[in-house]
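**Student:** Fold the following, please.
(2 chains)
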Number of protein chains: 2
Amino acid sequence: MNIKRKTTIKDIANVLNISPAAVSKALHDDSRISEKTKKAVKQVAKNLNYHPNHLASALRKGKSNLVGIIAPRTNSHFFSSVVQSMEEVLNKKGYNIIMTHSNESYKKECDNIDTLLYTQVDGIIASMANETIDLNYYNKIKTKGIPLILFDRGENDLNVDYIGIDDYKSSRIIVQHLVEQGCKRIAHIGGYKHTRIFNNRIRGYMDALKTYHLPVEPELLLEGSLTIEDGRAKMEQLLQLKNRPDAVYAASDYAALGALQILQENQISVPNDIALVGFGNEPFTSMVNPSITSINQHSEAIGKLAAETFLEYMKAPVIKQSLNKKILDAELIVRDSSQIKG
Amino acid sequence: MNIKRKTTIKDIANVLNISPAAVSKALHDDSRISEKTKKAVKQVAKNLNYHPNHLASALRKGKSNLVGIIAPRTNSHFFSSVVQSMEEVLNKKGYNIIMTHSNESYKKECDNIDTLLYTQVDGIIASMANETIDLNYYNKIKTKGIPLILFDRGENDLNVDYIGIDDYKSSRIIVQHLVEQGCKRIAHIGGYKHTRIFNNRIRGYMDALKTYHLPVEPELLLEGSLTIEDGRAKMEQLLQLKNRPDAVYAASDYAALGALQILQENQISVPNDIALVGFGNEPFTSMVNPSITSINQHSEAIGKLAAETFLEYMKAPVIKQSLNKKILDAELIVRDSSQIKG
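**Tutor:** Purely as a prediction, here's the structure:
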């Protein structure tokens, strides 16, 4: 086994015959160090495989340099892509992230918050569980003065920074697209109304139906957890209607996939008999046959913006007071599941 | 906003007119409490929406009740499924997990270890990054006396508990299956040899070729990072060979998917011109067309066993000394990409 002592700033200083303080300044791009020295220090650091101990230096400054993340699910490409993009931005600034998952459970989310507060994170970036209605626990973070930034699933009542896409408009774009394909009876497999993003999608769906003078019927609007299994169950329910829909818009790609499975098991042609649209642009939407039309949620931009919002707090904890609400424009990616060749 | 005081053990005790200590014992299924009282306590706890503060009680006992996880990737179904299954077992015993990702980088993995040690986790369950060769950092965990359990990608040299599948045998099963389909020139898009699991897959592939008297040629054995992009690049390389393979076995489903994309872009029929097998049984393997034959890695069993191994340490830190090496049997799931109808 290859046991090596870790390279320190002192090792770099010895090689270049300069002071450790100068090495530290050079590594932090201090203006008091010449470009030539900076270049030399960075080259030696690379050659010696120098790995800075962010945590040690952070703790000296009374900071953990950790950012806690709470994501509702482990296996969604949207969330993992948001987190990856956050990580890229945060790592560059010397922050590491620790992740927790609520698995859509309120109880677990409370545990996650306790865990992250215990580990003394410098901030928390979270997306709420489906179950969460009580905001008490999130207020605990605010009370402790720790920056809290919500993304995707956030509650306006908390009055914290929020980054997400325009869910209301996304629904309107989807309905408009389906109307253009000739669909006249559009069902919605929606999320739980108490979650603002799903409520916005439902409102957008209903308002768009009214705009196009299409039927707004309770039997066409279903609420659920939006998993594959939920999509299957809801599609089965829709197929039992006397007056079946000719299009289904599911508020998640997973539910859309479940719906597609049921349609195919029942030899119903997609999109010709029933057109289908999902939400989230998960990678599998372009892999399945037919490929599934979906909304691009700009996961990378969301992750980047959430990380940058956190960094603003770190730069100026006193100045940064104003609430950021960044709503990104959604983009419809049209694929085979909704392109009716009439 | 609905601000509620959190229910405490005292509240439950007041309702039932018993002592808080009795409530606590009842909630922990203590044998000194009658079944009738236990039932009553649990019912009241449920009615009052009681949420135990595991962390507070853990800290009193000098434990964090946190288990740290290091996974190489954020967006792999295998890893998220392993973690979910670990979480189920650990949550039931009052442990919460915090996750970090190495993104296949050795430097990040060192940061992850520092972070987890700083948060005083009771144990670390990890799967190594592709880049990791130096085991110094992992030894740091052992030196601190913190249980370390490796899964999937682990190094025997560390002499710690390990849970994984039989990679060598998996390769042999794959080659046997391809030979039975009539394939005679089998290429392998493999992982990096320095990672034991990938080395075992390469060894299994080579030994099986010898068993069936098939050509073992350097040009048919490629090493890489096994991403979709890597699979694309390696498949392009294989297509440029004078003597093309009639089957490709990729050591990850992502690489297999990349290979499939290139084959389809070049109008090469799968499986008839070139048969294809992946590894990992990611959900997309059954969604794409043709569906991809793959090895089921038993992610749920791996997660469960890793969690249980950790719990053994917690039960008996002095007694648990012997090294567990649990190797699960792999299972080949045959799909369209390798079923040649002759």
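**Student:** Return the helix or strand in chain A with minimum mean pLDDT.
**Tutor:** The weakest-scoring helix or strand in chain A, judged by mean pLDDT, DSSP states H and E, is helix A:54-60 (a mean of 54).
**Student:** And chain A, what are its domain boundaries?
**Tutor:** Taking automatic domain parsing as the criterion, chain A consists of the domains A:9-52, A:65-165+A:299-327, A:167-297+A:332-338.
**Student:** Looking at the following helix or strand past the least confident helix or strand of chain A now, give me its mean pLDDT.
**Tutor:** Using DSSP states H and E, the helix or strand that follows helix A:54-60 in sequence is strand A:66-71. Here strand A:66-71 scores 94 as its mean pLDDT.
**Student:** Does anything pack onto strand A:66-71? Which helices or strands?
**Tutor:** Contact partners of strand A:66-71 among helices and strands, from 3 or more Cβ pairs under 8 Å, 6 or more residues apart in numbering or on different chains; DSSP states H and E: helix A:77-92, strand A:96-101, helix A:106-118, strand A:123-126. For glycine as for every other residue, the C-beta is placed from the backbone atoms N, C-alpha and C.
**Student:** Just the buried residues of that strand, please?
**Tutor:** Neighbour-count burial for strand A:66-71, counted by 16 or more other Cβ atoms under 10 Å in any protein chain shown, picks out A:66, A:67, A:68, A:69, A:70, A:71.
**Student:** Relative to residue B:117, which of those residues is nearest.
**Tutor:** residue A:66 (12.3 Å; Cβ to Cβ).
**Student:** Tell me how many other residues crowd the residue nearest to that closest one when sequence neighbours are not counted.
**Tutor:** Nearest non-adjacent residue to residue A:66, counting by Cβ to Cβ, 6 or more residues apart in numbering or on different chains: residue A:121, 4.6 Å away. Using other Cβ atoms under 10 Å in any protein chain shown, residue A:121 has 25 other residues around it.
**Student:** thinking residue A:121 is in contact with residue A:70, fair?
**Tutor:** No: here residue A:121 does not reach residue A:70: they are 10.6 Å apart, not a contact under Cβ atoms under 8 Å.
**Student:** Low-confidence ranges, chain A, go.
**Tutor:** By pLDDT under 70, the low-scoring segments of chain A are A:1-6, A:51-62, A:155-156, A:316-322, A:342.
**Student:** hmm, 50 instead?
**Tutor:** Where chain A drops to pLDDT under 50, the residues are A:1-4.
**Student:** can you pull out the strands in it?
**Tutor:** With DSSP state E as the criterion, chain A has strands at A:66-71, A:96-101, A:123-126, A:148-151, A:161-165, A:186-190, A:221-223, A:247-250, A:275-277, A:294-296, A:325-328, A:331-333.
**Student:** Give the stretch among those strands with the greatest mean number of neighbours.
**Tutor:** Neighbour counts (mean count of other Cβ atoms under 10 Å in any protein chain shown) averaged over each of those peak at strand A:247-250, with a mean of 31.
**Student:** just checking, what packs against that one?
**Tutor:** Applying 3+ Cβ pairs under 8 Å, 6+ apart, one finds that strand A:247-250 contacts helix A:167-180, strand A:186-190, helix A:228-239, helix A:253-265, strand A:275-277.
**Student:** what comes into contact with that strand?
**Tutor:** A:171, A:174-175, A:178, A:181, A:183, A:185-189, A:205, A:226, A:231, A:234-235, A:238, A:256, A:259, A:274-279, A:338 (Cβ atoms under 8 Å, 6 or more residues apart in numbering or on different chains).
**Student:** CA atoms only: put it into PDB for me.
**Tutor:** Listed in PDB are the C-alpha atoms of strand A:247-250, where the atom choice follows Å, rounded to 0.1, in the frame of the first residue of the first chain:
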ATOM      1  CA  ALA A 247     -54.400  13.800 -24.400                       C
ATOM      2  CA  VAL A 248     -52.800  13.400 -21.000                       C
ATOM      3  CA  TYR A 249     -50.400  16.000 -19.400                       C
ATOM      4  CA  ALA A 250     -48.600  14.500 -16.400                       C
END
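**Student:** Could you give the number of residues near residue A:194?
**Tutor:** If we define neighbours as other Cβ under 10 Å, then residue A:194 has 13 of them.
**Student:** Can you pull the phi/psi pair for it?
**Tutor:** As for residue A:194, its main-chain torsions (degrees, to the nearest 10) stand at phi -70, psi -20.
**Student:** Pull the contacting residues for the residue nearest to residue A:66.
**Tutor:** Going by Cβ under 8 Å, 6+ apart, residue A:121 touches A:64, A:66, A:67, A:68, A:98, A:146.
**Student:** and if we set it to 6 Å?
**Tutor:** Counting by Cβ atoms under 6 Å, 6 or more residues apart in numbering or on different chains, residue A:121 touches A:66, A:67, A:68.
**Student:** same deal with residue A:253?
**Tutor:** So residue A:253 contacts A:278, A:280, A:282, A:285, A:294 (Cβ under 6 Å, 6+ apart).
**Student:** Residue A:278 is in contact with the last one, correct?
**Tutor:** This means residue A:294. Yes: using Cβ atoms under 6 Å, residue A:294 is in contact with residue A:278, at 4.3 Å.
**Student:** Overlap in contacts, the two.
**Tutor:** In contact with both residue A:294 and residue A:278: A:253, A:285, using Cβ under 6 Å, 6+ apart.
**Student:** Can you get me a residue count around residue A:76?
**Tutor:** 20.
**Student:** Would you check how far apart it and residue A:227 are?
**Tutor:** Distance of residue A:76 to residue A:227, computed by Cβ to Cβ, to the nearest Å: 10 Å.
**Student:** Just give me the neighbour total for the nearest residue to residue A:84 once chain neighbours are set aside.
**Tutor:** Once flanking residues are discounted, residue A:84 sits nearest to residue B:74: 5.3 Å by Cβ to Cβ, 6+ apart. When counting by other Cβ under 10 Å, one arrives at 22 neighbours for residue B:74.
**Student:** Over to residue A:266?
**Tutor:** Using other Cβ under 10 Å: residue A:266 sits among 12 other residues.
**Student:** Okay, and the beta partners of residue A:99?
**Tutor:** Beta-bridge pairing of residue A:99 under DSSP bridges involves residue A:69, residue B:99.
**Student:** Assess the claim that it and residue B:99 are in contact.
**Tutor:** Yes: using Cβ under 6 Å, residue A:99 is in contact with residue B:99, at 4.0 Å.
**Student:** Switch the helices and strands packed on strand A:247-250 over to JSON lines; also include distance to residue B:160.
**Tutor:** Formatted as JSON lines, the helices and strands packed on strand A:247-250 follow (distance: least, Cβ to Cβ, whole Å):
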{"stretch": "helix A:167-180", "distance to residue B:160": "46"}
{"stretch": "strand A:186-190", "distance to residue B:160": "46"}
{"stretch": "helix A:228-239", "distance to residue B:160": "36"}
{"stretch": "helix A:253-265", "distance to residue B:160": "36"}
{"stretch": "strand A:275-277", "distance to residue B:160": "48"}
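**Student:** follow-up on the earlier one: going by distance to residue B:158, which of the contacts of residue A:253 wins?
**Tutor:** residue A:282 (36.1 Å).
**Student:** Nearest spatial neighbour of that closest one, chain-adjacent residues omitted?
**Tutor:** residue A:253 (4.2 Å).
**Student:** Might you enumerate the residues of chain A proximal to chain B?
**Tutor:** A:1-4, A:51, A:55, A:74-75, A:77, A:80, A:83-84, A:96, A:98-100, A:107, A:110-111, A:114-115, A:118-119, A:134-136, A:157, A:284, A:287-289 (Cβ under 6 Å from any Cβ of the partner chain).
**Student:** Which residue would be the closest one in the stretch 101-250 of chain A to chain B?
**Tutor:** Nearest residue of the stretch 101-250 of chain A to chain B (Cβ to the nearest Cβ) works out as residue A:119 at 4.3 Å.
**Student:** neighbours around residue A:240, how many?
**Tutor:** Using other Cβ under 10 Å, the number of residues around residue A:240 comes to 9.
**Student:** Likewise for residue A:315?
**Tutor:** Residue A:315 - counted by other Cβ under 10 Å - has 10 other residues nearby.
**Student:** same check, this time on residue A:265
**Tutor:** Count around residue A:265 with other Cβ under 10 Å applied: 11.
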